[in-house]
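A.B. asks: Starting from these lines, generate the structure:
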Amino acid sequence: LVELVDLYPTVLGILKLETPHAMEGLSLLPLLKDPERPWKTAAFCQYPRSVGEDELERKAWDLMGYTIRTERYRLTRWDSVYVDGQVEGLELYDHSVDPEENFNVARESRYAHIVKELSHRLDQGWKAALPSN
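C.D. replies: Now for the predicted structure:
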């Protein structure tokens, strides 16, 4: 799994320039040299959403979506921007059976353990998904 945040440190590495320490991305150069090496176990993103109104017109959002994408799953948790800790919705897609993400399986009991595990990993953040080496 690679992310857009990995492109900048990769370009810096190609140019043999130093990467700032505050960056979230990883240079892809080691992965390009050895595609079999251990790499990130998840990718993350965050994006806002409004409910029932055009957020561009309002210039405000009701929800913040936090997503973790693994090789098999994508979980998005929609948190209220008004009530701290209030989850307004969950989306879980199993790419092994639904690569186009047509069926949200977050409420299916057989996926409850996956929702719990991915929610925990989402809370741990991107650093916990980095390769150990």
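
A.B. asks: Please, where are all the helices along this protein?
C.D. replies: 7-14, 29-33, 55-58, 112-124 (DSSP state H).

A.B. asks: Show me the contact partners of the second one.
C.D. replies: Helix 29-33 is contacted from outside by 2, 10, 13-14, 37, 39, using Cβ atoms under 8 Å, 6 or more residues apart in numbering. In short, each C-beta sits where N, CA and C put it, glycine included.

A.B. asks: Quick check: residue 96 touching residue 70?
C.D. replies: No. Look at residue 96 against residue 70 with Cβ atoms under 8 Å: they stay out of range, at 10.9 Å.

A.B. asks: and the spatially closest residue to residue 64 that is not a sequence neighbour, what are its bridge partners?
C.D. replies: Nearest residue to residue 64, sequence neighbours excluded (Cβ to Cβ, 6 or more residues apart in numbering): residue 79, at 5.1 Å. Residue 79 has the following beta-bridge partners by DSSP bridges: residue 64, residue 87.

A.B. asks: give me every residue that touches residue 79.
C.D. replies: Residue 79 makes contact with 63-66, 85-88 under the criterion Cβ under 8 Å, 6+ apart.

A.B. asks: So between residue 96 and residue 70, which is more surrounded?
C.D. replies: Between residue 96 and residue 70, counting by other Cβ atoms under 10 Å, residue 70 is the more crowded of the two (18 against 9).

A.B. asks: nearest residue to the more buried one other than its sequence neighbours?
C.D. replies: residue 42 (5.0 Å).

A.B. asks: closest to residue 102 among the contacts of residue 79?
C.D. replies: Using Cβ to Cβ, residue 65 is the member of the contacts of residue 79 that lies nearest residue 102, at 18.3 Å.
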